[in-house]
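Peer 1: only geometry, no sequence info:
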């Protein structure tokens with residue numbers, strides 16, 4: 001089954017009892033048992049819910065995984081995955097990582113003695129050098145947020161196998177339509193499904209897919225124990241979003257390419273971060289491991305003051321956190337998504353005060369270009 005078809009017909013797509021072509025929203029907490037300890041597959045909705053189960057089946061199929069899991073947010077998904085590890089274990093993480101992931105590791109999980117090192121995972125030698133005797137996993141974000149850095153997943157898998165490590169990939173930016181980390185050898189793939197998978201700025205959710213029954217059993221135990229599960233209404237919204245994911249990603253990328261061309265010609269723009277550009281570091285790796293370059297662009301306009309004026313004067317771009325929606329969004333990472341990262345660290349990474357991040361939507365590209373042009377002038 002090809003990807004577009006799988007997004008419509010993958011997983012559980014209907015209700016066998018009634019013939020409904022959409023999985024019902026099972027707004028229920030508990031289930032009648034036929035006898036003591038004998039149920040019909042569901043006993044309590046924290047442990048399992050038919051609507052959530054249908055979504056989890058779909059994400060497992062889209063990522064070519066063994067099993068899928070749905071959580072109340074992307075951060076709940078990441079936290080649950082990190083609960084696979086023990087105190088004094090060590091995780092090597094991509095340095096240019098989402099601010100929430102950085103905050104989780106440095107401000108929360110450090111309290112439980114889960115050690116970490118932030119490394120430029122686009123440089124394999126730095127990853128090798130960061131591995132310790134107690135290292136248990138490589139946590140990769142590719143493309144990264146907001147500098148769109150690319151990590152060679154297959155190369156990381158080679159390194160991980162040599163040291164008996166798990167490979168975890170945050171696939172939020174690429175989505176399972178453009179990139180399939182499990183096919184490249186990763187063990188766990190996760191998403192902030194709030195973004196492209198939902199796609200309509202109306203749901204907060206996290207999704208995980210794993211490549212083995214052992215990991216599936218461990219993660220289900222954690223999901224049930226910690227309880228950060230996704231509700232049935234939100235699970236239904238995600239399944240609806242998945243049905244148009246392919247079409248949205250293709251339309252978004254077409255718009256993105258036109259906007260990149262505009263930014264290349266604008267005198268105020270000093271640097272553009274977009275994996276589709278031949279001069280982008282990691283472009284050749286991206287061509288090999290993704291089938292599309294996505295809808296995220298970051299560009300430097302020279303100063304925080306200038307960037308804020310642009311953000312204040314756009315009309316069609318919505319000034320907001322998040323990304324991956326049908327409407328185009330604009331943000332200032334230094335003061336928004338990455339504000340939790342100390343400024344000194346942001347500057348080391350290249351997240352300058354004048355860096356603007358765009359999440360391109362499905363509006364008319366000419367309107368978006370005209371909007372940026374007038375705001376920048």
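Peer 2: It's in. Predicted model, so just to flag it, every value in this text is computed and none were measured.

Peer 1: Quick check: end-to-end length of stretch 167-178?
Peer 2: Between the opening and closing residues of stretch 167-178 there is a gap of 19 Å (C-alpha to C-alpha, to the nearest Å).

Peer 1: Next: stretch 282-295.
Peer 2: Using C-alpha to C-alpha, the two ends of stretch 282-295 sit 17 Å apart.

Peer 1: Need the residues that contact it.
Peer 2: The list of residues contacting stretch 282-295 from outside it, by C-beta atoms under 8 Å, 6 or more residues apart in numbering, reads 122, 143, 149-154, 173-175, 177-179, 184, 196, 249-250, 252-253, 255-256, 274-277, 280, 324, 359-361. The way it works is simple: take the backbone N, C-alpha and C, and place the C-beta from them, glycine included.

Peer 1: Please repeat the previous calculation with a cut-off of 7 Å.
Peer 2: Stretch 282-295 is contacted from outside by 122, 143, 149-150, 152-153, 173-174, 178-179, 184, 249, 252-253, 256, 274-277, 359-360, using C-beta atoms under 7 Å, 6 or more residues apart in numbering.

Peer 1: Tell me which of those fall in strands.
Peer 2: Residues from these lying in strands, with DSSP state E as the criterion: residue 359.

Peer 1: Wait, residue 236 touches residue 51, no?
Peer 2: Yes. Counting by C-beta atoms under 7 Å, a contact exists between residue 236 and residue 51, whose distance comes to 5.6 Å.

Peer 1: anything in contact with each of those two?
Peer 2: Between them, residue 236 and residue 51 have 23, 25 as joint contacts when contacts are counted by C-beta under 7 Å, 6+ apart.

Peer 1: Neighbouring strands - and their directions - for the longest strand along the chain?
Peer 2: Taking DSSP E as the assignment, the strand of the chain that covers the most residues is strand 135-141. Here the strand partners of strand 135-141, with direction, are listed using DSSP bridges: strand 90-94 (parallel), strand 166-170 (parallel).

Peer 1: a markdown table please, covering these and showing mean neighbour count.
Peer 2: As requested, these are exported to a markdown table (neighbours: other C-beta atoms under 10 Å):
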| stretch | mean neighbour count |
| --- | --- |
| strand 90-94 | 23 |
| strand 166-170 | 25 |
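
Peer 1: What segments of the stretch 51-200 of the chain are helices?
Peer 2: Along the stretch 51-200 of the chain, the segments classed as helices by DSSP state H, counting those that start in this stretch run 74-82, 99-103, 124-130, 153-163, 175-178.

Peer 1: now, of these, which is deepest in the fold?
Peer 2: Comparing the helices of the stretch 51-200 of the chain by mean neighbour count (mean count of other C-beta atoms under 10 Å), helix 175-178 ranks first with a mean of 26.

Peer 1: quick one: average pLDDT of it?
Peer 2: Averaged across helix 175-178, the pLDDT comes to 98.
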